[in-house]
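Enquirer: I would like to see how this sequence folds:
(2 chains)
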Amino acid sequence: MNPIEQLVTYLSYPFVVNALLVGVLVALCASLLGTTLVMKRLSFIGDGLSHVAFGAYAVAAVAGITHDMLIIAPMTVIAAVLLLKRGQSAKVKGDAAITMMAVTALAAGYLIMNVFGTRSNVSGDVCSTLFGSTSVLTLTPFDVAVCAVMSVIVVSCFVLLYNRVFAVTFDEAFAQASGLPVGRYNLAIAVMIALVIVVGMNLVGALLLSALVVFPALAAMRVCRTFRNVTIVAACIGVACALVGMLASILAGTPVGSTIVMCDALAFGLFCLIERAREGRGA
Amino acid sequence: MAYLTCTDLSVGYGGSPVVSGIDFSIGAGDALFVVGENGAGKSTLLKTLLGLLPPISGSISFGDGATAGEIGYLPQRNESQRDFPASAWEIALSGRASCLGRRPFYSKADRAATEQAMRRVGAFELREAPFGSLSGGQQQRVLLARALALEPLLLVLDEPTTGLDPKATEALYETVDELRAAGAGVLAVTHDVDVALPHATQVLEVGADTAGIVTPSLPERPGASVASPDDESCEPLSAAVPEALPTQEQGGGAA
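Expert: Here you go, the predicted model:
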């Protein structure tokens, strides 16, 4: 079979289509929020939250909850809110607090799975949660539905709040002085990140998730100079990399998450080259 | 009635005052310049006025149509904004974000107000340019336009001329003079007293736990004078305020 026929065969399976759908939705949400996170110097929060999501996953797995998203989503959102609230009156500052929370959740998650785990293949479970591996192809219709709903919520919130998010991202102090409820919008941003992480964990795994957030935005910032264009181009890059990565992983039999992330890294490199070529010509 | 009146105000962090005994009021056409050493509490005062910090004691009251949530704020220039991917127009328009109310997107009125603000500071031609590609003076104009897009009665400027060359500095202050003449009240924090002085109607010296008003017509060394904190009658404009206000075109030469 040539690759095209192979692809057509795969695409006739509903679980493959499900996987592609979820992948595109997750990549879209992640890349939309990416620019804000990068410019607010918050990309680390995404990383920290994904570790918390892993801890929550362990709890759900051990407790034998089938719809584990119903546990992971609220716990991650709460962690996001706590991190943000702490940021304002913290004794332990920003990145250190996030690191503490992240490693504690990671260690606790592994410990719980190891000690209380009932399934035989603990290291396989842990590996697939951290790196995504094949789990995206075993999504149930319920998982797909939850992913779709959350993605629609995140995308529509982002579009509706776009102008406010821009104001808060560019200059928090000004926004506050001009009467914008900055705290509320920061909270909205944190909740959106948490939701993206929850739905993204199935796709690329907890450890690789930040790549979906950071790479498209950074790549778009190489060539675009307005916030609107950066946001649109980042969304396109994110979606394209997710699609290409997933198809490549199906054809080549490579792990889904790692393949998508490598695509993102390559896209970033490509956009760096484009920027350099432009500068070489322009200046 | 004045736009902003502070009475026996103490500002500081965590309950301990940095500066006390601040008394002043700013009305239409006033320009109060706050001067003082680094760490004397200028920024603390500013943050308190903007509502970013609660006052320790005393009162801040707004009047004459000005409200706490409608201050046109020109923050100190921030290096991290230099590489922010946004056009000048996007940034100026974001000054209207607090006018959105329940609407998700900007209206025609928001765009019109932003355009007017940009024209007023001579930055409308720059609207398409990426913010990071602008000179320091041009960036300050765009940020001033953002503050003006809100159509505020009270303008608060934090070190507005830091990093600007003398020409851009003078152009910026001329624009501020125009705004003042059009009925705005201005409060500016600066360490560059000599340049700012001709544009001030009052000078508030902050330092050593207390603050005092000195009139800018007092010559030579305003930083050294000790003034009584209860001196409220500083309304009369000093002779130092320039008579002829320059036109907008002249103000545009900040590049």
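
Enquirer: get me the contact residues on the stretch 1-150 of chain B for chain A.
Expert: Taking C-beta under 8 Å from any C-beta of the partner chain as the measure of proximity, the stretch 1-150 of chain B contacts chain A at B:50-52, B:67-73, B:75, B:78, B:80-81, B:84-87, B:90-91, B:93-95, B:97-98, B:100, B:104-106, B:130, B:132-133, B:146-147, B:150. For the C-beta atoms, the positions are set from N, CA and C on the backbone; glycine is no exception.

Enquirer: pull out the buried residues from those.
Expert: The neighbour count (16 or more other C-beta atoms under 10 Å in any protein chain shown) marks B:50, B:52, B:69-73, B:75, B:81, B:84-87, B:90-91, B:93-95, B:97-98, B:100, B:106, B:130, B:146-147, B:150 as buried among the residues of the stretch 1-150 of chain B next to chain A.

Enquirer: A:Ser151: how many residues sit nearby?
Expert: A:Ser151: 23 surrounding residues under other C-beta atoms under 10 Å in any protein chain shown.

Enquirer: err, A:Asn163, not the other one
Expert: So A:Asn163, with other C-beta under 10 Å, has 20 neighbours.

Enquirer: OK, contacts around it?
Expert: B:93-94, B:97, B:100, B:104-106 (C-beta atoms under 8 Å, 6 or more residues apart in numbering or on different chains).

Enquirer: and stretch A:201-219, C-alpha only, in PDB?
Expert: Backbone C-alpha positions of stretch A:201-219 (Å, rounded to 0.1, in the frame of the first residue of the first chain) are rendered in PDB as follows:
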ATOM      1  CA  MET A 201      -3.100  15.900  28.100                       C
ATOM      2  CA  ASN A 202      -4.700  13.000  26.100                       C
ATOM      3  CA  LEU A 203      -3.100  14.200  22.900                       C
ATOM      4  CA  VAL A 204       0.600  15.000  23.700                       C
ATOM      5  CA  GLY A 205       0.800  14.100  27.300                       C
ATOM      6  CA  ALA A 206       1.500  16.300  30.300                       C
ATOM      7  CA  LEU A 207       5.200  16.900  29.800                       C
ATOM      8  CA  LEU A 208       5.000  17.900  26.200                       C
ATOM      9  CA  LEU A 209       1.900  20.100  26.400                       C
ATOM     10  CA  SER A 210       3.700  23.400  26.800                       C
ATOM     11  CA  ALA A 211       5.100  23.000  23.300                       C
ATOM     12  CA  LEU A 212       1.600  23.300  21.800                       C
ATOM     13  CA  VAL A 213       1.200  26.600  23.700                       C
ATOM     14  CA  VAL A 214       4.500  28.200  23.200                       C
ATOM     15  CA  PHE A 215       5.900  27.100  19.800                       C
ATOM     16  CA  PRO A 216       3.100  28.500  17.500                       C
ATOM     17  CA  ALA A 217       3.100  31.900  19.200                       C
ATOM     18  CA  LEU A 218       6.900  32.200  19.100                       C
ATOM     19  CA  ALA A 219       7.000  31.100  15.400                       C
END
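
Enquirer: strands - which of the residues of the stretch 1-150 of chain B next to chain A land there?
Expert: Counting by DSSP state E, the residues of the stretch 1-150 of chain B next to chain A place B:71-73 in strands.

Enquirer: which one of these is nearest to chain A?
Expert: Nearest to chain A out of these is B:Tyr73 (C-beta to the nearest C-beta; 3.9 Å).

Enquirer: unless I'm mixing things up, that closest one is touching B:Val156, no?
Expert: Yes - the pair B:Tyr73 and B:Val156 passes the contact test of C-beta atoms under 8 Å, sitting 5.0 Å apart.

Enquirer: okay, and the common contacts of the two?
Expert: A:177, B:50.

Enquirer: go through the buried ones among the residues of the stretch 1-150 of chain B next to chain A and flag which are in helices.
Expert: B:90-91, B:93, B:146-147 (DSSP state H).

Enquirer: roughly how far apart are the residue of the stretch 1-150 of chain A found nearest chain B and B:Val142?
Expert: At 6.1 Å from chain B, A:Met39 is the closest residue in the stretch 1-150 of chain A, using C-beta to the nearest C-beta. Distance of A:Met39 to B:Val142, computed by C-beta to C-beta, to the nearest Å: 17 Å.

Enquirer: give me the pLDDT for B:Ile22.
Expert: What the model reports as pLDDT for B:Ile22 is 88.

Enquirer: how deep is it tucked in, by neighbour count?
Expert: 26.

Enquirer: please report how far it lies from chain A.
Expert: 18 Å (C-beta to the nearest C-beta, to the nearest Å).

Enquirer: cool, B:Glu37 as well?
Expert: Relative to chain A, and taking C-beta to the nearest C-beta, B:Glu37 is found at 22 Å.

Enquirer: is it correct that that residue is in contact with B:Val193?
Expert: No - contact criterion C-beta under 8 Å: B:Glu37 and B:Val193 do not qualify, at 11.4 Å.

Enquirer: so which of these two has more stuff around it?
Expert: The neighbour comparison of B:Glu37 against B:Val193 (other C-beta under 10 Å) goes to B:Val193, with 17 against 13.

Enquirer: ok, now how distant is that one from chain A?
Expert: Using C-beta to the nearest C-beta, one obtains 24 Å as the distance from B:Val193 to chain A.

Enquirer: find the nearest non-adjacent residue to that residue, please.
Expert: B:Val35 (5.2 Å; C-beta to C-beta, 6 or more residues apart in numbering or on different chains).

Enquirer: what sits against that neighbour?
Expert: B:42, B:189-191, B:193, B:196, B:203-206, B:222-223.

Enquirer: how far away is the nearest residue to B:Val11 once chain neighbours are set aside from B:Pro54?
Expert: By the measure of C-beta to C-beta, 6+ apart, the closest residue to B:Val11 outside its immediate chain neighbours is B:Thr48, 4.3 Å from it. Using C-beta to C-beta, we find B:Thr48 at a distance of 7 Å from B:Pro54.

Enquirer: the more surrounded of the two?
Expert: Using other C-beta under 10 Å as the criterion, B:Thr48 and B:Pro54 rank with B:Thr48 on top: 24 against 11.

Enquirer: now whichever residue of chain B sits closest to chain A: closest residue in space, sequence neighbours ignored.
Expert: Nearest residue of chain B to chain A: B:Gly69, at 2.8 Å (C-beta to the nearest C-beta). Of all residues not flanking B:Gly69 in the chain, A:Gly179 sits nearest, at 2.8 Å (C-beta to C-beta, 6+ apart).

Enquirer: wouldn't that neighbour be in contact with B:Ser98 here?
Expert: Yes - the criterion here is C-beta under 8 Å, and A:Gly179 meets it with B:Ser98 at 4.2 Å.

Enquirer: anything in contact with each of those two?
Expert: Counting by C-beta under 8 Å, 6+ apart, the residues touching both A:Gly179 and B:Ser98 are B:69-70.

Enquirer: contact residues of chain A facing chain B?
Expert: Selection of chain A residues close to chain B by C-beta under 8 Å from any C-beta yields A:35, A:39, A:41, A:159-164, A:166-167, A:170-171, A:173-180, A:220-221, A:224-230.

Enquirer: and the pLDDT at the nearest residue to B:Phe124 once chain neighbours are set aside?
Expert: Using C-beta to C-beta, 6+ apart and skipping the chain neighbours, the partner closest in space to B:Phe124 is B:Met118 (4.2 Å). In this model, B:Met118 is scored at 93, pLDDT.

Enquirer: neighbours of B:Met118, just the number please.
Expert: Neighbours of B:Met118 using other C-beta under 10 Å come to 25.

Enquirer: ok, now which ones touch it?
Expert: With C-beta under 8 Å, 6+ apart, B:Met118 has these contacts: B:88-89, B:92, B:124, B:126-127, B:142, B:145.

Enquirer: could you rerun that using 10 Å?
Expert: B:88-89, B:92-93, B:124-127, B:141-142, B:144-146, B:148-149 (C-beta atoms under 10 Å, 6 or more residues apart in numbering or on different chains).
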